[in-house]
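**Student:** how would this look folded up:
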Amino acid sequence: MPFVHALRAQPPAANTSRRSSRLRRQVVPAALAMPLLMAACGGGNGDASAQQATPAAACAELPAKAGLAVTSLSTSYVAADTKRPGGASTGSFLPGHCVVTGAINPRVGVDGKNYAIGFQLSMPDNWNGRFLFIGGGGNDGILRDTSLSSSISVGTPSPLGQGFAVVSTDAGHSGTSASFGADPQARIDHAYNSYDKTAVAAKSLIATRYGRKPDHSYFSGCSGGGRQGMMFSQRFPDYFDAITAGAPAMRVSSGATVAAMWNTIQFNAIAPQDGAGKRILSQAFSNADLNLVANGVKASCDAADGVADGLVSNVKACQFDPAVLQCSGAKGADCLSSAQVGALKSVFAGPRNSAGQALYAGQPWDPGLAAPGWRAWTLGSSTTATPDARYITLMVDALVNEFFTPPDLTFNPLTFNFDTDPARMEAYSAIYDTYRDDKLAAFKQRGGKMLFIHGMSDPIFSAKDTMDYYERLAANNGGIAATKSFARTFLVPGMNHCSGGPATDNFDSIQAMVDWVEKGVAPETIAAKALPTNTDMPNRTRPLCAYPQFAKYKGSGNVEDASSFVCAAE
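**Tutor:** Next comes the predicted model:
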C-alpha cells in the first residue's frame with residue numbers, strides 16, 4: 001500500500017498509468033516543440049517567435065543540463081490552453097509546461113525483474129515559485145498525473161494550473177501488484193527511499209530549469225500518500241514547509257491490515273452460502289441493512305451537533321449500540337439479525353488477540369457506512385463466492401507479498417491468527433509504519449506545518465487512529481493549544497476513504513497550507529462543500545473545524561450553509 005483509496009477513495013481514474021496520464025494532455029516532444037512553435041508564428045524570425053520558443057527549448061535542453069547521477073530523463077513540452085479533464089470546476093485549462101519523466105537507479109532485482117524509481121515532474125512556464133509533491137496510494141507502481149489535483153480532495157483547482165511545479169513517483173516499481181515485495185530493495189524504496197530520491201531530483205531539476213530553488217515546498221497525499229507525508233516529516237523533516245496527510249496509512253503494515261483480516265472474517269462468517277456451501281461475502285449485509293444502521297446512527301447521534309442534518313459532527317458524543325436494531329424474532333426489513341449485530345459490534349470495536357489486547361483502533365460510528373465507498377472496501381459487490389472487497393483484492397495482496405517477512409503467497413486470510421501472525425508483520429512495520437514518532441521534534445523546530453485530514457466513515461484507516469496519534473502528539477508538545485502552532489487535525493463527517501459518502505468532501509487543503517506558510521494564517525477552519533453531483537447533500541457547505549472542535553449549528557439559519565455553523569468544543 002500506501003493505500004488509498006487511493007485517490008478519491010481510490011477511483012480508478014485517479015490511478016492513471018504513465019501512458020494514460022500522458023495521453024490526457026496534448027503532448028509535443030520537446031525536441032519538436034520549438035520548430036513547431038516557430039512555424040506557427042510564420043518562421044524563426046522576430047523576437048516574439050523566439051520568446052514563444054524559449055520554454056520548449058529549455059524543456060528540450062533539460063536532460064543534457066540536469067547532471068543527475070544514475071538517472072535517465074526524457075521531456076515533452078505541453079502547449080498552453082490544453083483542456084483538462086473535469087471542466088471548468090477544476091480549472092479548465094493548463095499553462096504551457098514541461099513534463100519530465102525520469103528513472104532513477106535502474107537495476108535488476110533479486111527476483112529477476114527490472115526496477116527503477118520512476119517519477120513525473122511538470123514545470124509550468126510561468127512558475128509561482130512553489131513545489132508540490134503529490135502522494136500515491138494503493139500498492140503504488142504508477143505515475144500519478146501531475147496535471148491533476150492532490151488525492152485528498154478531487155475537484156479542487158489544478159496546482160499545475162496555478163503555477164506549481166508538481167512531481168509524483170511510482171515508488172520504485174512498475175505495476176500495481178505488491179509482487180515487488182520479493183525484492184528487499186524494492187521494499188525499502190516503497191517505504192521511504194523512492195520519495196527521498198524523487199524529492200531531491202525534482203528540486204534539482206527545478207533549479208536547473210528556473211535558475212533557483214523553490215521558494216516553498218509542499219506535500220499533499222491521502223491514504224498511502226498520507227503515510228508518505230508523515231514519513232517525510234519524520235525521516236526528512238527539512239524537505240517540506242507544510243504537509244497534508246490525509247487518512248494516513250500510519251500503521252498499514254501492522255494494525256490496519258490486521259483489522260482488514262479481522263473484519264473480513266467477522267463478515268464472512270455470517271454471510272449466506274451458495275449452492276456449494278461457500279460464503280458470499282457481499283451479502284452479509286444488504287444495502288437496505290446498511291441504510292438501517294446509518295439511520296440508527298443518525299437517530300442516536302445526529303442532533304448532538306445542534307441540528308439533525310444527516311451529519312454526525314460531534315463525533316465524541318456519538319455512542320451508538322447496534323443492538324437497538326436487533327430483531328425480536330425472525331430477520332425482517334426493519335431490523336438486523338443477532339449475527340449481524342454481533343458482527344458489527346466486533347468490527348467497530350476493532351481486532352483483538354485471544355488475551356483481549358487491542359491490535360488496531362476500532363471504527364467510529366458514522367452514517368457514511370451506507371455509502372458505496374464503505375461497501376467497496378468491506379463487503380464488495382460480487383454476487384458469487386469470489387469476493388471483490390478491497391480488503392481482499394488490495395490488502396491481502398500487500399499482506400502476503402510485502403507486509404509478511406518473508407512473503408507468504410499461499411496464505412489464506414480467513415485463517416489469520418491474531419495471536420501469532422501480527423509478529424510476522426513487525427519487521428517491515430519498523431521501517432514502513434509512521435505511527436511511532438509522536439513528537440516530530442525536528443519538523444517542528446524547522447518550522448514545518450502539518451495538516452491531518454480524515455473522513456469519519458473511512459473503512460480502512462480509522463479516524464480514531466488519527467485522533468489517537470494527534471492526541472499523543474499534543475501530549476508530547478505541551479497540549480493541543482501549543483501543538484496547533486505547527487500541527488492541526490480536521491475530521492470530515494460522513495466521508496469515506498479520502499472522498500465520497502454523505503459529506504462535504506470538497507476542500508482546498510493545499511491553499512490552507514500556502515496561507516499558513518506564506519501568510520502566517522493558521523487554519524482555524526477549512527471551507528468545505530458537497531459538489532452538485534453529491535446525491536445526499538448537493539451544494540451544501542460546512543466549516544471543517546480544527547480538532548477537537550466541530551461544526552455546531554448556531555440555532556438559526558439555513559442548514560445547508562456554512563454561515564449557520566460555528567466551531568465549538570461541546
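
**Student:** secondary structure element for Val167?
**Tutor:** strand 165-169 (DSSP states H and E).

**Student:** how far off centre is the helix or strand just after that strand?
**Tutor:** Per DSSP H and E, the first helix or strand lying C-terminal to strand 165-169 is helix 184-188. The chain centroid and the centroid of helix 184-188 are separated by 22 Å under CA atoms, centre = their mean, to the nearest Å.

**Student:** mean confidence for the next helix or strand after helix 184-188?
**Tutor:** Sequence-wise, the next helix or strand downstream of helix 184-188 (DSSP H and E) is helix 194-210. Mean pLDDT, helix 194-210: 98.

**Student:** do the same with stretch 391-404
**Tutor:** For stretch 391-404, the per-residue pLDDT averages 98.

**Student:** quick check: end-to-end length of that stretch?
**Tutor:** Length of stretch 391-404, first residue to last, CA to CA, to the nearest Å: 16 Å.

**Student:** helices along the stretch 201-350 of the chain, start to end?
**Tutor:** Under the criterion DSSP state H, counting those that start in this stretch, the stretch 201-350 of the chain contains helices at 224-235, 257-270, 287-301, 338-349.

**Student:** to Leu440, which of those lies closest?
**Tutor:** Evaluated over the helices of the stretch 201-350 of the chain, closeness to Leu440 peaks at helix 224-235, with 5.6 Å, by CB to CB. Using the backbone N, CA and C atoms, a C-beta is placed for each residue, glycine as well.

**Student:** packing partners of that closest one?
**Tutor:** In terms of contacts (3 or more CB pairs under 8 Å, 6 or more residues apart in numbering; DSSP states H and E), helix 224-235 is packed against helix 194-210, strand 216-222, strand 242-246, strand 449-455.

**Student:** give me whichever of the ones you listed is most buried.
**Tutor:** When the helices and strands packed on helix 224-235 are scored by mean count of other CB atoms under 10 Å, the highest mean neighbour count falls to strand 242-246 (a mean of 31).

**Student:** can you give me the angle that one makes with strand 216-222?
**Tutor:** Here strand 242-246 runs at an angle of 0 degrees relative to strand 216-222 (axes from the mean of the first three to the mean of the last three CA atoms, to 10 degrees).

**Student:** what angle separates strand 242-246 from helix 224-235?
**Tutor:** 140 degrees.

**Student:** so which other helices or strands are in contact with strand 242-246?
**Tutor:** Contact here means 3+ CB pairs under 8 Å, 6+ apart; on that basis strand 242-246 packs against strand 216-222, helix 224-235, strand 449-455, helix 509-519.

**Student:** please export the C-alpha coordinates of that strand as PDB.
**Tutor:** Coordinates of each C-alpha in strand 242-246 appear next as PDB, following Å, rounded to 0.1, in the frame of the first residue of the first chain:
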ATOM      1  CA  ALA A 242       4.000  22.000   5.000                       C
ATOM      2  CA  ILE A 243       2.400  18.600   4.600                       C
ATOM      3  CA  THR A 244      -1.200  17.400   4.200                       C
ATOM      4  CA  ALA A 245      -1.500  13.800   5.500                       C
ATOM      5  CA  GLY A 246      -5.000  12.700   4.500                       C
END
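
**Student:** Tyr77: which of the helices and strands packed on helix 224-235 is closest?
**Tutor:** With CB to CB as the measure, helix 194-210 is the member of the helices and strands packed on helix 224-235 nearest Tyr77 (11.9 Å).

**Student:** counting contacts, what elements does that closest one pack onto?
**Tutor:** Helices and strands touching helix 194-210, by 3+ CB pairs under 8 Å, 6+ apart, are helix 47-66, strand 97-108, strand 114-124, strand 130-134, strand 165-169, helix 224-235.

**Student:** beta-bridge partners for the residue most central in space within the chain, please?
**Tutor:** Ranked by distance to the mean C-alpha position of the chain (CA atoms, centre = their mean), the top residue is Cys222 at 1.7 Å. Going by DSSP bridges, Cys222 is paired in beta bridges with Gly246.

**Student:** pretty sure it is in contact with Ile243, am I right?
**Tutor:** No: between Cys222 and Ile243 there is no contact under CB atoms under 8 Å: 11.9 Å.

**Student:** partners of the strand holding Val167, with directions?
**Tutor:** If you go by DSSP bridges, strand 165-169 pairs up with strand 114-124 (antiparallel), strand 130-134 (parallel).

**Student:** quick one: that strand to strand 97-108, angle?
**Tutor:** Here strand 165-169 runs at an angle of 20 degrees relative to strand 97-108 (the same axes, to 10 degrees).

**Student:** how far out from the middle of the chain is strand 165-169?
**Tutor:** Taking CA atoms, centre = their mean, the mean C-alpha location of strand 165-169 is offset from the chain mean by 15 Å.

**Student:** angle of it against helix 194-210?
**Tutor:** Using the same axes, to 10 degrees: strand 165-169 against helix 194-210 is 150 degrees.

**Student:** sorry, back to before: looking at the helices and strands packed on helix 224-235, spot the one closest to Lys316.
**Tutor:** Closest approach to Lys316 among these is made by strand 449-455 (14.2 Å; CB to CB).

**Student:** got the contact list for the next helix-or-strand element following the closest one?
**Tutor:** Proceeding C-terminally, strand 449-455 gives way to helix 463-475 as the next helix or strand, assigned by DSSP H and E. By CB atoms under 8 Å, 6 or more residues apart in numbering, the residues outside helix 463-475 that reach it are 247-248, 250-251, 255-256, 315, 360-364, 435, 438-440, 452, 454-456, 480, 482-483, 487, 489, 491, 547.

**Student:** narrow those residues to those that are buried.
**Tutor:** 247-248, 250-251, 255-256, 315, 360-364, 435, 438, 440, 452, 454-456, 480, 483, 487, 489, 491, 547 (16 or more other CB atoms under 10 Å).

**Student:** and the strands paired with strand 165-169, which is most packed in?
**Tutor:** Of the strands paired with strand 165-169, strand 130-134 is the most buried (mean count of other CB under 10 Å), at a mean of 27.

**Student:** check contacts around the nearest residue in space to Gly175 that is not next to it in sequence.
**Tutor:** What sits nearest to Gly175 in space, not counting adjacent residues and going by CB to CB, 6 or more residues apart in numbering, is Gly141, at 4.7 Å. The contact partners of Gly141, by CB under 8 Å, 6+ apart, come to 170-171, 173-177, 180.
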